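[1] Just to be clear, the model below is a prediction. Sequence and coordinates:
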Amino acid sequence: LGAIGLGGLRTLASKAKTLNNVAQPQTVRAVAEINFFAARLWPPAISTRTFATESKQEKKSAKAAPVRSPNAYALFVKHEFAKAKASLQLQTKETKVKSSDVMSQIAAKWRGMSVNDRQPFTEEAAKLKAEFEANKAQGKA
């Protein structure tokens, strides 16, 4: 294989991939030889990615932890999203609607609400913020 050169070995390596599917004794041996020499000429690329030592459960719990408490608008969106999506599906008579269309409908509804209509969401947001700040002070959040 020394006389073949790098270009020839690359060609043989590409042919070996196609020959891997053929179960003939000569080709299997040739493929094994080519793979043996190709591995020494072209080592696999060294990964620059660092691997965390956290377990999957720790990662999942870290992702589940809230970064901050939701505001009144986020609570309103959570409350209204399913209703707005269903009404938009009825209006357009399509099974799939874009989330951006649903969100624009919810935003228009929020802008049209009075302060009294927003009050339950504002109170809930204030309550959740107080709980979050208490947990943050204790080091739980």
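    Great, that's in hand.

[2] and the gap between residue 88 and residue 101?
    Distance of residue 88 to residue 101, computed by C-beta to C-beta, to the nearest Å: 6 Å. Yep, even glycine has a C-beta here, placed from its N, CA and C like the rest.

[3] Tell me which of those two has more neighbours.
    It is residue 88, of residue 88 and residue 101, that has more neighbours when counted by other C-beta atoms under 10 Å, with 17 against 14.

[4] residue contacts, that one?
    Under the criterion of C-beta atoms under 8 Å, 6 or more residues apart in numbering, the neighbours of residue 88 are 97, 101, 102, 105.

[5] Need the contact partners of the helix or strand the third one falls within.
    Just to be clear, that refers to residue 102. With secondary structure defined by DSSP states H and E, residue 102 is part of helix 99-112. Contacts to helix 99-112, defined as C-beta under 8 Å, 6+ apart, come from residues 73, 76, 77, 80, 81, 84, 85, 87, 88, 118.

[6] Recalculate using a threshold of 6 Å.
    76, 77, 80, 84, 85, 88 (C-beta atoms under 6 Å, 6 or more residues apart in numbering).

[7] Looking at those, which is nearest residue 124?
    Distance ranking of these against residue 124, using C-beta to C-beta, places residue 76 first at 9.5 Å.

[8] That closest one and residue 126, how far apart?
    Where residue 126 is concerned, residue 76 sits at a distance of 14 Å (C-beta to C-beta).

[9] Many thanks, I have nothing further to ask.
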